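K.L.:
Based on what follows, work out the 3D shape:
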Amino acid sequence: MATQLLSCASNSEGETPKNAPITFEAKPVWFNGPERFHYKNRNYDIETHAFFDLAPFESNERKELSYVLLTPKNSDFGYDIDLKSGQFYKKFQYCPQDDVWKTYQRKIDKPPYAEGFIPRLMDQFGRPMRVYVFGEKPYFVEEKKDVAYSQRARIVGGVVQQYCHSYPCAGREKWLSTMVMIGVVPFDPSMKDVASLDDLKKKVDWNEVKAFIENGYGRKLGPPRDEPVYRIISEVNSESAWKFGFEKGHLFTMPEMNTIRSSCYKLYDSVWIGAQRARTVTEQNILKKEDFVKRAKEIEALRNDFTRMTVFQDNFRSRDEEKFDLIDKVEKKEMKFGDFFKTVYFEYGSRLKTCFEYVRPANITMSPERHWFFTYLESFINLDQLGSFYMCSRKAWVENPIINNGKRTYNKKMLKNCTGTELDLSFDSSITYLTGLKRSNREHYRYIEDDIGIGGSHQKIQAWVYNDGKNLSCDEKFKKASEPLLFPDDIRWNPFYNEELLKKDGYIR
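P.N.:
Below you'll find the predicted structure:
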């Protein structure tokens, strides 16, 4: 439902804008499912998801659409969205910078536009499609709310923004390109006659805008020198930007969203029950007979509960009634952890990666054990995706570079020769390895619990978020005394094998 909300900001005369911005409040649909996959917000309501619970509501004729405001104009902080939780988190604290391209002479500080994303629409990088929106601050809605909401923009053009993972990226094929739409606030009288980028350039300092786009999202910091990461190579009109965004991007439909979510629910449940069964099988020789019998009964009761609470009985049913037979495989083959993990990794690894991007595997308040199990499992798969490899013979993670033939140095099939105890050691060590990547300013993942602190969104994330290792070039006075933790220091992997055996293997975290 569309509503009219007044921004808490005011114009220079302290007046309220005559035409209040139209907003669309999200209804909790994405998380309206089994409680074991989500939790309530601070008002004890079902959370809304800023990406999946809203829609673009696009009008091709007027070139208008709905977007979600991510970073306000002239904000001191830059934000991003975590697609698993649907919440925002702080990514940057802005500071005055010199232009890394050496073409803009003044300092580059805060964004001269509002940055948002278009709900349900993905760009060529596989992230929410961005839109940069221009207008006076009173015509934006910036309140922090417990419910996600979108507001309107009119598209007047677009820019082709390129990203370089490791400069100089010789050859155009090394630069990754995506379209960013440029819009204006349709309710702002000063933007009424802006129909193109040429019109917009008469209203704003376009050189400043271009400089911020090329510097405000990070660079590779030296020594010996800072290297650029972003650049703008061309501009397009509103028709081309609109067509490219909606035809080359990926717009999620409701049936597709329901299928993804339902399929991931089934996969998560199957992996979790399989892990419990594998733990029991692994510990058979360790547990006393009476303890083993008790554990076996607990696992059987847990499985029966999930059978009664199958996702096919949940509100959102998938038409794709694929059956995951992972539990049966574990029971028939009496798998210990090593064989269980290899089955998960080689048969379901790619699907788990997709699920980890969009769907929560557990409600931490209902089952902390389940939450942290999947958190560690995701850390393994994340490192695999970043081009790292767990060398079982060394009991350590190593870089797995691409060689001349386009393949990785170490074949993933080598993991099939690993023992269960060697694989068991990989999970805690994945945190150590990720910490090393972060300290080296290389791409990594960071686990965020609650985004608290100065400038934080104060939203509950409880998930890994990707970081490309690129940073802003800030003076010492802008640098924080302490960096946020990459992972909670009081959390450890719950080993499947006897802890004494792990100690004998000489593992030290």
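
K.L.:
got a list of what the residue sitting nearest the centre point of the chain touches?
P.N.:
Geometric centre of the chain, nearest residue: residue 82, 3.9 Å, by C-alpha atoms, centre = their mean. Shown in contact with residue 82 (C-beta atoms under 8 Å, 6 or more residues apart in numbering): 88, 89, 448, 461, 463, 465. All C-beta atoms are positioned from the backbone trio N, CA, C, and that covers glycine.

K.L.:
Let's see that with 6 Å instead.
P.N.:
89, 461, 463, 465 (C-beta atoms under 6 Å, 6 or more residues apart in numbering).

K.L.:
Tell me the secondary structure of the closest residue to residue 91 other than its chain neighbours, please.
P.N.:
Excluding the flanking residues, the one nearest residue 91 by C-beta to C-beta, 6 or more residues apart in numbering is residue 80, at 4.6 Å. Following DSSP: H, G, I helix; E, B strand; the rest coil, we place residue 80 in the strand state.

K.L.:
per-domain residue ranges of the chain.
P.N.:
2-251, 254-442+479-504 (automatic domain parsing).

K.L.:
mind checking which of the ones you listed is nearest residue 455?
P.N.:
Residue 455 lies closest, by C-beta to C-beta, to one member of those: domain 2-251, at 3.8 Å.

K.L.:
Could you look up the SS state of residue 198?
P.N.:
Under three-state DSSP, residue 198 comes out as helix.

K.L.:
That one: neighbouring residues, count only.
P.N.:
13 (other C-beta atoms under 10 Å).

K.L.:
what's the answer for residue 174, then?
P.N.:
Residue 174: 13 neighbours (other C-beta under 10 Å).

K.L.:
Once you drop chain neighbours, what's closest to residue 375?
P.N.:
residue 447 is the one closest to residue 375 (C-beta to C-beta, 6+ apart), at 6.8 Å.

K.L.:
Correct me if wrong, but the one you found is in a strand.
P.N.:
Yes - according to three-state DSSP, residue 447 belongs to a strand.

K.L.:
buried sites along the host helix or strand of residue 271?
P.N.:
Residue 271 is part of helix 254-282, with elements assigned from DSSP states H and E. Going by neighbour count (16 or more other C-beta atoms under 10 Å), the buried part of helix 254-282 is 257-282.

K.L.:
same question, stretch 36-46
P.N.:
36, 37, 38, 39, 41, 46.

K.L.:
The closest residue to residue 124 other than its chain neighbours bridge partners, please.
P.N.:
The shortest distance from residue 124 to any non-neighbouring residue, by C-beta to C-beta, 6+ apart, is to residue 178 (4.5 Å). With DSSP bridges applied, residue 178 shows beta-bridge pairing to residue 161.

K.L.:
Could you pull up the residues touching residue 178?
P.N.:
Counting by C-beta under 6 Å, 6+ apart, the residues that residue 178 touches are 123, 124, 125, 161.

K.L.:
okay, now the last one: neighbour count?
P.N.:
It refers to residue 161. Quick note: residue 161 (other C-beta under 10 Å) scores 23 neighbours.

K.L.:
you'd agree it is up against residue 180?
P.N.:
Yes - assessed by C-beta atoms under 6 Å, residue 161 is found in contact with residue 180 at 5.1 Å.

K.L.:
just to revisit the earlier point, for the residue nearest to residue 91, name its beta-bridge partners.
P.N.:
The partner residues for residue 80, given DSSP bridges, come to residue 89.

K.L.:
Just the pLDDT for it.
P.N.:
We have a pLDDT of 97 for residue 80.

K.L.:
State the distance from it to residue 87.
P.N.:
10 Å (C-beta to C-beta, to the nearest Å).

K.L.:
Please apply the same query to residue 130.
P.N.:
Relative to residue 87, and taking C-beta to C-beta, residue 130 is found at 18 Å.

K.L.:
Could you do residue 103 as well?
P.N.:
In terms of C-beta to C-beta, residue 103 sits 37 Å off from residue 87.

K.L.:
Looking at these two, which one has more neighbours?
P.N.:
residue 87 (25 against 10).

K.L.:
where along the stretch 101-250 of the chain do the strands fall?
P.N.:
Listed in chain order, the strands found in the stretch 101-250 of the chain under DSSP state E, counting those that start in this stretch are 114-122, 128-134, 149-163, 176-184, 230-237, 250-251.

K.L.:
So which of those strands is nearest residue 191?
P.N.:
The nearest among the strands of the stretch 101-250 of the chain, by C-beta to C-beta, is strand 176-184 at 3.9 Å.

K.L.:
in that closest one, what's buried?
P.N.:
So for strand 176-184, counting by 16+ other C-beta under 10 Å, buried means 178, 179, 180, 181, 182, 183, 184.

K.L.:
and residue 397, what element?
P.N.:
strand 396-399.

K.L.:
Can you name the next helix or strand after the lowest-mean-pLDDT helix or strand in the chain?
P.N.:
Lowest mean confidence among the helices and strands of the chain (mean pLDDT, DSSP states H and E): strand 2-4, at a mean of 44. Per DSSP H and E, strand 2-4 leads on to strand 22-25 as the next helix or strand towards the C-terminus.

K.L.:
strands paired with that next one, and their directions?
P.N.:
strand 2-4 (antiparallel), strand 149-163 (antiparallel).

K.L.:
Could you give the separation of the helix or strand that that strand is followed by from the chain centroid?
P.N.:
Toward the C-terminus, strand 22-25 is succeeded by strand 64-71 as the next helix or strand (DSSP H and E). Distance, stretch centre to chain centre, for strand 64-71: 18 Å (C-alpha atoms, centre = their mean, to the nearest Å).

K.L.:
swap in stretch 348-360?
P.N.:
12 Å.

K.L.:
got it, and stretch 446-465?
P.N.:
That offset, for stretch 446-465, works out to 12 Å (C-alpha atoms, centre = their mean).
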